[in-house]
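Engineer: Sequence and predicted model, in that order:
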Amino acid sequence: MSAHENFKEIEDFGPFKRTMDVNFFGYVYPTRYALEHLEKDQGQILVMSSYSGDIGLPSRASYCASKFAVNGFFESLKMDMQPKPKVDITIVGMSRIATNMRKNSLTAERYAENGTLSGTVDKNPPMSIEKAVDVIVSAADARVGKAYADWGNYFSIYLRPVFPFFFDPGVSAKTRL
């Protein structure tokens, strides 16, 4: 579920709440009731997250918040199942995929024909559905803890804390804690 818009322009929090209900609670409730059954069979939970679950992006406050919540929930659940988890959790952080998700967004009226938010330019082409499926299936088969769609995502997520001025507008190289 997506609802991309600039937070300062939000007048109706309905899409914001709906995004959290679907993206976050859509995982929480079934996980709660399926977990004991998954533990019996040493099952796996495959989590479809997003690059937006690790790095906040402009005009995506509700979407990013929902995906950050999903990632935090499953990272915490992994810790709750220690020392020897009986269920593997694989979180897959995808980039933009060539689907109609943006056109079907709760705020779709704000998108241009090419699926970009009005007034923005999306520099990177979307990933094909076939490549996305390959990434997802490979991550699930390997039962990795976390996987990203491409190397650019890995680098930006892990290098951002060290070099925020490369990734965050308005953050200078002189910024210190």
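Structural biologist: Nice, thanks for sending it over.
Engineer: who does the helix or strand hosting Ile89 pair up with?
Structural biologist: Using DSSP states H and E, Ile89 sits in strand 88-94. Paired with strand 88-94 in the same sheet, following DSSP bridges, are strand 44-50 (parallel), strand 146-148 (parallel).
Engineer: Select, out of those, the one closest to Ala34.
Structural biologist: For Ala34, the closest of those is strand 44-50, at 8.1 Å, according to Cβ to Cβ. C-beta coordinates here come from the backbone N, C-alpha and C atoms, glycine included.
Engineer: Would you mark the buried spots in the lengthiest helix in the chain?
Structural biologist: Criterion DSSP state H: the longest helix present in the chain is helix 61-80. Buried positions in helix 61-80, judged by neighbour count with 16 or more other Cβ atoms under 10 Å: 61-71, 73-74, 77-78.
Engineer: quick one: average confidence on that helix?
Structural biologist: Across helix 61-80, the average pLDDT comes to 95.
Engineer: Report the angle between it and strand 88-94.
Structural biologist: Per axes from the mean of the first three to the mean of the last three Cα atoms, to 10 degrees, the angle that helix 61-80 makes with strand 88-94 is 160 degrees.
Engineer: Which strands and helices lie in contact with helix 61-80?
Structural biologist: If you count contacts as 3 or more Cβ pairs under 8 Å, 6 or more residues apart in numbering; DSSP states H and E, helix 61-80 packs onto helix 14-23, helix 25-40, strand 44-50, strand 88-94.
Engineer: Which other helices and strands does the helix or strand that contains Phe165 contact?
Structural biologist: Element membership of Phe165, judged by DSSP H and E, is helix 164-167. Under the contact definition 3+ Cβ pairs under 8 Å, 6+ apart, helix 164-167 sits against helix 151-159.
Engineer: Go again with 6 Å.
Structural biologist: Here helix 164-167 touches no other helix or strand, going by 3 or more Cβ pairs under 6 Å, 6 or more residues apart in numbering; DSSP states H and E.
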